[in-house]
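Visitor: this is the structure alone, sequence omitted:
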């Protein structure tokens, strides 16, 4: 008989998996949260299976081998009290993009499990979530939503190429580019099809300039110009986007790191798309507002963005 473990592994890799250490007495709470598949300590797997629950055993060594990711969201910066400064976003998309084959583990603070799950899903990460039990319902709702999203495998869209030298400075530049929705791709050498290529230490991008990643990201934006950007967001500084597409179709992942719903978010993409729809976590399928295509670009508004939304255009 075919082992169920490979089948479960494929299922779990499609969405993040909750790592659960509480015993069988917690099963009613799990069912109420809609969680029917779990990652559990290896020595508890047989007990859960005997109770009819689909589980993936995770050894202590396997868990320890995964790269730990910080809690995503907005955080205060030490020594910065000005209310007029842009919010400081903690996001892990750049880490996942830098090492897509790695396995990851989140231990999100209470209230952040749903965002962590959405972030991991949007970037296709093999991720385990060690959630606060208080977040069980929110995590379950998000994972149920993610399982409802139709699969669509499209290549990531980028405007900037960056040659990764493995340094912390280059990593922080990736972080800042991501937070400013300057879409980039890691390349082994400058790619002629991309408008801008970054090689830290080159004459165009000296290493001393990279010492200030925020100013460096602003320089990259100026070099790229807004007219050549594949995507722009209006109405929020706490939304990060991952964009995939093939010229005929596009999928937009919108991640809201601010902790509050956003109303009236406006999105502009290069390319002409005639039809589009959105799946919004906690809301369901919604119609895009004011979708227009002109001058080789498409714009639309989303009336409400919760933690996460997936928008498909064609």
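Guide: Looks like it arrived, so ask away. It should be emphasised that the depicted structure is a prediction, and the values quoted were computed from it without experimental measurement.

Visitor: just for the stretch 1-150 of the chain, where's the confidence low?
Guide: 1-13, 76-86 (pLDDT under 70).

Visitor: now the helices for it?
Guide: 4-14, 27-32, 45-50, 60-65, 93-98, 113-122, 136-148 (DSSP state H, counting those that start in this stretch).

Visitor: neighbours of residue 111, how many?
Guide: 14 (other CB atoms under 10 Å). Yep, even glycine has a C-beta here, placed from its N, CA and C like the rest.

Visitor: could you dump the helices of the stretch 1-150 of the chain into CSV with distance to residue 183 and mean neighbour count added?
Guide: Below are the helices of the stretch 1-150 of the chain laid out as CSV (distance: least, CB to CB, whole Å; neighbours: other CB atoms under 10 Å):
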stretch, distance to residue 183, mean neighbour count
helix 4-14, 24, 14
helix 27-32, 38, 14
helix 45-50, 41, 14
helix 60-65, 31, 12
helix 93-98, 10, 20
helix 113-122, 13, 27
helix 136-148, 22, 20
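
Visitor: out of those, which gets nearest to residue 282?
Guide: helix 136-148 (6.7 Å; CB to CB).

Visitor: which outside residues touch the closest one?
Guide: With CB atoms under 8 Å, 6 or more residues apart in numbering as the test, helix 136-148 has contacts from 14-16, 18, 29-30, 32-35, 111, 113-114, 117-118, 121, 129, 131, 279, 281-282, 307-308.

Visitor: quick one: contacts for residue 214?
Guide: Applying CB under 8 Å, 6+ apart, the residues near residue 214 are residue 176.

Visitor: for the helix or strand harbouring it, buried residues please.
Guide: Assessed by DSSP states H and E, residue 214 sits inside helix 213-224. The neighbour-count check on helix 213-224 (16 or more other CB atoms under 10 Å) flags 213, 216, 217, 219, 220, 221, 224 as buried.

Visitor: helices and strands around the helix or strand hosting residue 309, which ones?
Guide: Using DSSP H and E, residue 309 falls within strand 308-313. Secondary-structure packing of strand 308-313 (3 or more CB pairs under 8 Å, 6 or more residues apart in numbering; DSSP states H and E): helix 113-122, strand 250-256, strand 276-280, strand 297-305.

Visitor: what's the longest one packed up against?
Guide: Taking 3+ CB pairs under 8 Å, 6+ apart as the contact definition, the neighbouring helices and strands of helix 113-122 are helix 93-98, strand 103-106, strand 126-129, helix 136-148, strand 250-256, strand 308-313.

Visitor: can you check which of the ones you listed gets nearest to residue 274?
Guide: Per CB to CB, nearest to residue 274 of the helices and strands packed on helix 113-122: strand 308-313, 8.5 Å.

Visitor: quick one: strands adjacent to the closest one?
Guide: strand 250-256 (antiparallel), strand 276-280 (antiparallel) (DSSP bridges).

Visitor: so what's the gap between that strand and the chain middle?
Guide: 12 Å (CA atoms, centre = their mean, to the nearest Å).

Visitor: quick one: contacts of that strand?
Guide: 114-115, 118, 122, 142, 145, 149-150, 152, 249-256, 267, 269, 273, 275-281, 288, 298, 300, 302.

Visitor: just list the residues touching the nearest residue to residue 42 once chain neighbours are set aside, thanks.
Guide: Nearest non-adjacent residue to residue 42, counting by CB to CB, 6 or more residues apart in numbering: residue 57, 4.1 Å away. Residue 57 sits next to 39, 40, 41, 42, 44, 45 when contact means CB under 8 Å, 6+ apart.
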